[in-house]
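Asks: A predicted structure for the sequence below; I have some questions about it.
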Amino acid sequence: MRSILCAFLLPFVVAASLAAQTAGSIFATPSVPMRGAPVTLMLSATSLPAGGVRWDFGDGQVQSGGTVTNHVYAAAGFYAVRATYVPFSAQLPVTALLQLHVSQPTGPAAPFLLSALRLRWEDGRTDQSVDRGFTPLVAYVDLKFEGTGLLQAQWTVDGVPLGTFAVQLAFANTARLDTRNMLPLPTTEPGEHLVSLRILSPQVTFTVPTIRYFVRQSAQEPPRVDAVLPAVLARGQDVEVQLRGSGLVKGVKVSFGRGVALVAPLRFTGPGQATARIFVSPTAREGQRKVHVVGPSGRSEGPATLQIVRVVPET
């Protein structure tokens, strides 16, 4: 009799277990909100909703919307927050549950916010060159924050999200995160790619920086400039310069740094030779600067340098 009963109940137990696995989780920012202050609620699910999400905030109020919503609780206490939705690959709705504690304000409390954010590669640089198919390519972010709360963000490559993640940060500290728990940074498409971090919560008042990586077509050396003539220019000059080096072919981009602009496309006059017409801003920083070159096989700096002076000395 017991075996028959177990066989009868097993499908229901399995179904309930699968439903619990696909329901997902609800994250709150801040994790312990104050009465009368807004709280951000985010549904994180392994299977995205096929339609909208029905939010039940546990205080008698419901709302239909997306996976992220905001709410203000009028009274302190404990609330059962429910997010009900139909997963994209299913037909029956599932419900994610969060037991939320709303506290009563008793004194000043530091709000959760990001005060500084730095993106970099492992060596600390903001650009990187790799061969096609290189793995793993890992980007890092160094954070400084105030208060305690949940960071919700997306790593993006060329504006496309790799996925959403949530990390609890506490006690006004610093943190280092990286992309190793996300999809790998793609290295199959040659050329330049931009990596950034899209902050979903908390709100930030500064512009999140961008770092770059260059996927080389093959293991060949990147293009470079060995010499630039003339090598000394004055502020306010509009002049043509001759570039000599290797890998200087159509599609290569050359940069002389801030305050020095190309005013016409590069002209490639022979193997390893090009002509660039540039304008030096009257406010350009004086001193030597390396010539930067970007091409399908990567990026290089120098060894050629260009010197900016206030007035070109007479010869």
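Replies: Noted; the coordinates are in hand.
Asks: which residues touch L151?
Replies: Going by C-beta atoms under 8 Å, 6 or more residues apart in numbering, L151 touches L114, L143, F145, A166, V167, Q168, L169, I199, S201, P202. Backbone N, C-alpha and C define where each C-beta goes, glycine included.
Asks: give me the buried entries from those.
Replies: Neighbour counting by 16 or more other C-beta atoms under 10 Å classes L114, L143, F145, L169, I199, S201, P202 among the contacts of L151 as buried.
Asks: show me the residues you listed that map onto helices.
Replies: Per DSSP state H, helices hold no members of the buried ones among the contacts of L151.
Asks: mind listing the helices for this protein?
Replies: 2-22.
Asks: quick one: low-confidence parts of it?
Replies: 1-22, 105-110, 218-220, 312-315 (pLDDT under 70).
Asks: V239 contacts T275, correct?
Replies: No. The criterion here is C-beta atoms under 8 Å, and V239 misses it with T275 at 10.8 Å.
Asks: and S201, what is it in contact with?
Replies: T29, T40, M42, V68, G149, L150, L151, Q152.
Asks: with distance to L194 added, can I get these in a markdown table?
Replies: A markdown table is the format used below for those (distance: C-beta to C-beta, whole Å):
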| residue | distance to L194 |
| --- | --- |
| T29 | 27 |
| T40 | 27 |
| M42 | 25 |
| V68 | 24 |
| G149 | 28 |
| L150 | 26 |
| L151 | 21 |
| Q152 | 21 |
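Asks: greatest separation within the contacts of L151: which pair is it?
Replies: Q168 and I199 (15.2 Å; C-beta to C-beta).
Asks: returning to what we had before: among the buried ones among the contacts of L151, which lie within strands?
Replies: L114, L143, F145, L169, I199, S201 (DSSP state E).
Asks: out of those residues, who's nearest R224?
Replies: L143 (35.7 Å).
Asks: residues near the residue nearest to the closest one when sequence neighbours are not counted, how many?
Replies: With sequence-adjacent residues excluded and distances taken as C-beta to C-beta, 6 or more residues apart in numbering, L143 is closest to A175, at 4.6 Å. Residues within reach of A175, counting by other C-beta atoms under 10 Å, total 14.
Asks: tell me how far A175 lies from V72.
Replies: Distance from A175 to V72, counting by C-beta to C-beta, to the nearest Å: 28 Å.
Asks: same check on K250?
Replies: 59 Å.
Asks: do the same with F171
Replies: For F171, the distance to V72 - C-beta to C-beta - is 25 Å.
Asks: more neighbours, these two?
Replies: Applying other C-beta under 10 Å to F171 and V72 shows that V72 carries more neighbours, namely 15 against 9.
Asks: what sits against that one?
Replies: G36, A37, P38, V39.
Asks: between the residues you listed, which sits nearest R285?
Replies: Once C-beta to C-beta is applied, the member of those that ends up nearest R285 is P38, at 45.0 Å.
Asks: neighbours around T156, how many?
Replies: Neighbour number of T156 under other C-beta under 10 Å is 17.
Asks: that one touches G163, doesn't it?
Replies: No. With contact defined as C-beta under 8 Å, T156 does not reach G163; the gap is 9.9 Å.
Asks: which phi and psi does E189 have?
Replies: phi -100, psi 110 (degrees, to the nearest 10).
Asks: burial check on it, number of neighbours?
Replies: What E189 shows, counting by other C-beta under 10 Å, is a neighbour count of 11.
Asks: now swap in A264 and tell me
Replies: That count, for A264 with other C-beta under 10 Å as the rule, works out to 11.
Asks: got a list of what it touches?
Replies: The contact partners of A264, by C-beta under 8 Å, 6+ apart, come to A276, R277.
Asks: circling back to that earlier point, isn't the residue nearest to L143 up against Y140?
Replies: No. Assessed by C-beta under 8 Å, A175 is found out of contact with Y140, at 10.8 Å.
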